[in-house]
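1. Provided below are the primary sequence and the corresponding predicted coordinates.
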Amino acid sequence: MINTSENKIVDEIHGCIVCANLFNVLAVYTPEGKLLDCTVTSPGGHIVQSDQPLLVACDRHTPKEIEPRALSKNKKTFDDEQEDE
């Protein structure tokens, strides 16, 4: 069982992946730095479900606008990880 008191709760600021509008995000990390959960605490935004944690988008953007950007962020992260190996 994980001791939740060891988890780190962090207030972060993330930009919308479509228009860069800023949102406050509350994130919970394990002591090893793995993201456990997160939520947007500013009005008008939401977490974009993807392989990359902490992608945020405005509620006004359509999935058609969000999806290509989320996919490109995931590809960039994957490519960066491959270069590190």
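-> That came in fine, so what should we check first?
2. residues touching the spatially most central residue of the chain, list them.
-> Central residue of the chain (C-alpha atoms, centre = their mean): Leu54, 0.6 Å from the mean position. Neighbouring residues of Leu54 by C-beta atoms under 8 Å, 6 or more residues apart in numbering: Glu12, His14, Val25, Ala27, Leu35, Cys38, Ile47. Where you see a C-beta, it was placed from the backbone N, CA and C, and this is true even at glycine.
3. ok, now which ones touch the first one?
-> What that stands for is Glu12. Contacts for Glu12 (C-beta under 8 Å, 6+ apart) come out as Asn24, Val25, Leu26, Ala27, Leu54.
4. for the second one, phi and psi?
-> The reference is to Val25. Torsion angles at Val25 (phi, psi; degrees, to the nearest 10) stand at phi -130, psi 140.
5. now for this protein, the helix or strand with the poorest mean pLDDT.
-> helix 63-84 (a mean of 67; mean pLDDT, DSSP states H and E).
6. surely Cys58 and Ala20 touch.
-> No: in this structure, Cys58 is not within contact of Ala20 by C-beta atoms under 8 Å, at 9.8 Å.
7. between those two, which one's more packed in?
-> More neighbours surround Cys58 than the other of Cys58 and Ala20, with 18 against 9 (other C-beta atoms under 10 Å).
8. name whatever forms a beta bridge with that one.
-> Using DSSP bridges, the beta-bridge partners of Cys58 come out as Gly45.
9. now do it, the pLDDT please.
-> pLDDT for Cys58: 97.
10. how much space separates it from Leu35?
-> 21 Å (C-beta to C-beta, to the nearest Å).
11. and if you look at His61?
-> His61 is 22 Å from Leu35, where distance means C-beta to C-beta.
12. who's more crowded, those two?
-> Neighbours around His61 and Leu35, counted as other C-beta under 10 Å, are more numerous at His61. The numbers are 19 against 13.
13. what about the residue nearest to the more buried one when sequence neighbours are not counted, how many residues nearby?
-> Spatial nearest neighbour of His61, chain neighbours left out: Val18 (4.7 Å); criterion: C-beta to C-beta, 6 or more residues apart in numbering. Using other C-beta under 10 Å, Val18 has 18 neighbouring residues.
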